Structures are given as structure tokens and as C-alpha cells.
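> Got a predicted model here, sequence first, then my questions.
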Amino acid sequence: MGIYLNPDNISFQEALNSEIYVDKTGLIDLTNRLIRTEQKYLCVSRPRRFGKSMAANMLTAYYSRGCDSDELFRGYQISQTASYKTHLNRYNVIRLNMMDFSRNAGGFHAEQEILFDLKEAFPDIHFFDSTHLVRTLKDVYEKTKTPFIFIIDEWDCIFREHKNDTASQAAYLTFLRNLLKDQSYVAFAYMTGILPVKKYGIHSALNMFTEVSMTNTREYSEFTGFTESEVQALCKSYSMPFAEMKRWYDGYSVRGMTIYNPRSVVMSVTGHDFDNYWTSTETYEALKIYIAMDFDGLNSKVVRLVAGDEFKINTKKFQNDMTTFQSADDILTLLVHLGYLTYDFDTQRVRIPNSETASEFVNAIEDGGWENVITAIRQSDALLQATIKGEADRVAAFIQQCHMEETSVLKYNDENSLACVISLAYYSARETYDIWRELPCGEGFADLIFLPKKNAALPALVVELKRNQSANSAIAQIKRKKYPDKIKNYAGEVLLVGINYNSKDKIHSCVIEKLSAI
């Protein structure tokens, strides 16, 4: 048992000792299926504080010959599977956290550390060249016939800590390739980090890895974060309101499954409150740097995201680093991997996942050319109150100020732009309303539906948007097509809000009518 070779299970024991542990040992059954197969290389990337190190510690405790973990896993999901005993503590495990070597280019210091452990653990083996890591691993495997499992945490730290040192990055990728690729001593290699495997040159040096990332979680979706059922159980145990938990920390869409931020949920239920727990672990300056890069209309897209919009992006050209950007889509893809955005694999669309990350975007744009957007957000509560009171002229004036076409980063240049501006103007309504936007149809714009959250004593709002027509025609259209399905069964008060934008005079008008629900 050494520092890097065959470590003990204490790190995973500490996770089990914690007040909250959500059973994710089912991941082990999936990784067991990969051992000694052509798919034995797996790279799992997730945002920070999404349980990457915990998973690496769990796999180490399960596979390492340096400990006996049967009692540790007894009673958890993995212990009920057919593969459990077959692989439990049967391998020589090399466990590396590459942050330990981030000051040393290429991982060569790691090579010396591993060699030290190998020579200490196998003093009776006569090594051909005890200064050469790959040959020494081959010698150990040849003499013992026990294969190695490599568990590498923070594999991508060199691309985050040394963003512009391309020579060291290339050397590091070569080191990993030589260590792992096509080596008979490798039974399984598991890497985890924030970024997927770096694309370097024409071919990736690590193209043997199956990649599991926030843009495609494959069969590992439930192990990306906390699932909805897991969060519901925690809310019940700690008497926390699930609806509010969902608003704050839900929203990561991974292959049809909704995933919650693990750190935020744990901090919320143990502290019995709601706060920006995940975003507080890193300054918003990190986000601000990237959204300040206005590639092909990035600023406009960011405002659309803040307003609650979503849109399609191309994630395929992203080079999996933090410097090579050719388009807005590259930066937005990076923000998906960092956890600031969520990506729907089926629709290929991105959006801001929840209130916690939305507040981080607002912090990041609070200065530096985004003044109109921030003003609209700050005035959004007053706009909502004016709408509820039926003050149509004030509503029109607020929206007029929010738009300010000459200076706003949002222009009314397509059918979604007006709806997006209105959504931004009503930003604060998200705290008390569930909001839906329908697709544009005919000459009108997208309807906005505001349905009060549970226990919110507020009227529902049905907003119809027009351009170069009239606010009264918007109200008439709502009545003609009746209520959208989402509001048919609502029993409370309903306000109909018609808003028109006259593009010639650049003036908004508004009409508000109060109706009982149909």
C-alpha cells in the first residue's frame, strides 16, 4: 500500500461518514462491465463540485488491493449485483489527482512518484529499467499477473491551470497515451475532470477513451448529480419544500433526466435554507471573462439566456480547452461543461438551468456595457406590480425603457426578440411564477403564460404580443383562441395582458383586462 499505488479506502469512508450520503455505488456495476474489454477507457467530465472526486474515491476503495472494503460496501446497491465479489479489491490500483502535479509540466513528477511506490511494493522484482515507468509496470504485470486499474482525477488541470502552455499540454497528453494506450497491464482506466478529452491536432492522443460529458452523459446520467427522486427523499427527511429546491438547484438536462447540483442540495438541506452555494465556491469573474468575448453576437445570446430563452448550438467543434474559441457556440459549450448552462442532447439547445446559476449571470453582467439589461432586471418587480394592479400605461413605459432599441443588445429583428425583451422585463416574476413561452404563430408573437407558484396569492397572467397592430387586437386574439392548456384548470384570477410594439414610432402600448378563469 502506497500513496499512489493501492491506496486505502479512508477517503470513501469519510464520504459514508458524512451526514448525507446518496448511494451512487451503482456506477461500479457499469465500470465492472468495461474491465478487460475494448471499452476499458472511460473519461467522465462534470462541473466542479458535482461529485467527481467522490466517485474516484469510491472506485479506488472498491478495486484497490491495498484494503478490504467488503464491509464498507455491504448494504449498498453494488453489493446486490452479480459482479460485486468478482472485482472487489482484486486489482493493483494507481490513483492520481493531477492537481498534485499541476506545477510540473507533462506529469513527469507523477512518473517518479509512481515509480517510487512500485519499487517499494515489489522489492523482489528485478526491473529492466527502474527509471522507466511503462517498462516497470510491464515487469510488475509479467511477474504478478495482476493487472492495473488507473483512476485519474482532475485529468484536465493542466488545461485549466496552464491554459496557454501548449507545449506542456502536448507533452502531458503524450505521457498519458504512452502510459495507457494498448498496454496489456491496463484492465481499466477511469479519468475524471471538468473538460472532455482535449482534441489536439488532427487526431486526439487519447482517442481510445469513451467520453461521458455534460453534452452527452450516455448511460451514466443518474450518476452525473442527484436525481429528482433522490432530492425528493432528502427534502422529505429534512422537511424542506421540494418546489423551492427545484427552482434553485434543478435544471440540468442529461439525456432526458433532470439532475440537481449535489453540493447545493446538501448545503441547502443541512443548513435548512436556500442560497448560492455552488456559485459561491468560485468568483463570478470566471464567468465574466468568457461572456465578455462577443463572438458573432454572443452578448445578444447571453441576454436571451438571462431572459429565460433557449436556442440551438453546435457543440461538436469545441476543442475541449479554455483558449481555442472560434465562435459563440464554442464559448457556450465551455459554459455547459463548467455547469453555468445545461444542454439538451436531443434538441441540441442550451439554457440557464436554475435560479442559482441565473443569479451568477446577473452578477457577471452587472457592469461593462450591460447597463440597460441590469436596469430592466432591477425594475422588473415594479413592472410586475404595475401589471397586477392593471396600470397599463406604466407597464408600457417600463417595457419601453427595457427595450431602448438604440442602445439595447436585444433588437426586435425576429419574432422571438419581442418575447425575449418582455421576458427580461418580467425577470423577478420567476420567483413567484412558473413561466412558459409558446412558439410564434401567424402574425403574432409568442404568448407568455405566468402561472402562480403554489401558495402564491397572485393572479395568473396571459400575455399576448403584437407588432404594428394594437394592444386591443392582442387581447382579442387571446379570447379567440381561448386559454392555453397550462391555464385551463387554474381556479384563480386571470389577467389578460396585450402588448403592441409600433416599429415606426418605436412605441409600446398595453391593455390589461381582468377575467375569471374559464
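Now that the structure is in, tell me what you want to look at. Numbering: from 1, shown residues only.

> Quick check: the residue lying closest to Y427 once chain neighbours are set aside vs W370, distance?
Spatial nearest neighbour of Y427, excluding adjacent residues (Cβ to Cβ, 6 or more residues apart in numbering): S380 at 4.1 Å. No exception for glycine: its C-beta is placed from N, CA and C like everyone else's. Counting by Cβ to Cβ, to the nearest Å, the separation of S380 from W370 is 15 Å.

> ok, now how distant is E14 from R65?
E14 sits 21 Å away from R65, going by Cβ to Cβ.

> neighbour count winner among those two?
A side-by-side neighbour count of E14 and R65, using other Cβ atoms under 10 Å, places R65 first with 16 against 12.

> gap between K145 and H162?
Distance of K145 to H162, given as Cβ to Cβ: 39 Å.

> Looking at those two, which is more packed in?
For K145 and H162, the more surrounded residue by other Cβ under 10 Å is H162, and the numbers stand at 16 against 8.

> Looking at the backbone only, give me phi and psi for the more buried one.
phi -130, psi 70 (degrees, to the nearest 10).

> If we ignore the residues flanking it in sequence, what's nearest it?
Nearest residue to H162 in three dimensions, chain neighbours excluded: S168, at 5.8 Å (Cβ to Cβ, 6+ apart).

> can you check F73 too?
S79 (5.2 Å).

> Could you count how many residues lie near that neighbour?
Residues near S79, counting by other Cβ under 10 Å, number 15.

> surely it meets S69?
No - contact criterion Cβ atoms under 8 Å: S79 and S69 do not qualify, at 10.4 Å.

> For Y290, give me the pLDDT.
For Y290, the pLDDT comes out at 85.

> in which helix or strand would I find it?
Per DSSP states H and E, Y290 falls inside helix 285-291.

> just V44 next, same as before
strand 41-45.

> partners of that strand, with directions?
Strand 41-45 sits in its sheet next to strand 186-193 (parallel), strand 210-212 (parallel), going by DSSP bridges.

> sec struct for the residue nearest to T279 when sequence neighbours are not counted, please.
Closest residue to T279 apart from its sequence neighbours, by Cβ to Cβ, 6+ apart: E360 at 4.4 Å. For E360, the assignment made with DSSP: H, G, I helix; E, B strand; the rest coil gives helix.

> Is there a neighbour count for E360? I'd like the number.
Using other Cβ under 10 Å, E360 has 22 other residues around it.

> now swap in S253 and tell me
If we define neighbours as other Cβ under 10 Å, then S253 has 22 of them.

> so what's it up against?
Neighbouring residues of S253 by Cβ atoms under 8 Å, 6 or more residues apart in numbering: 259, 342-345, 353.

> Can you check the pLDDT for the residue nearest to A358 when sequence neighbours are not counted?
Spatially, and ignoring its direct neighbours in sequence, A358 is nearest to I352 (5.0 Å; Cβ to Cβ, 6+ apart). Per-residue confidence at I352 stands at 95 (pLDDT).

> what's the host helix or strand of A55 packed up against?
Per DSSP H and E, A55 falls inside helix 52-63. Counting contacts by 3 or more Cβ pairs under 8 Å, 6 or more residues apart in numbering; DSSP states H and E, helix 52-63 is packed against helix 10-17, helix 26-32, helix 70-73, strand 92-97, strand 148-153, strand 186-193.

> one more time with 6 Å, if that's ok
Applying 3 or more Cβ pairs under 6 Å, 6 or more residues apart in numbering; DSSP states H and E, we find helix 52-63 packed against helix 10-17, strand 92-97, strand 148-153, strand 186-193.

> one step back: count the residues that sit near the residue nearest to H162.
Residue neighbour count, defined by other Cβ under 10 Å, stands at 17 for S168.

> quick one: it is in a helix?
Yes - S168 forms part of a helix when assessed by three-state DSSP.

> ok, so what distance separates it from C157?
Noted for S168: a distance of 12 Å to C157, by Cβ to Cβ.

> so L298 makes contact with Q326?
No - L298 lies out of contact with Q326 (Cβ atoms under 6 Å); the separation is 12.0 Å.

> So for those two, which residue has more residues nearby?
For L298 versus Q326, neighbours defined as other Cβ under 10 Å are more numerous around L298 (21 against 12).
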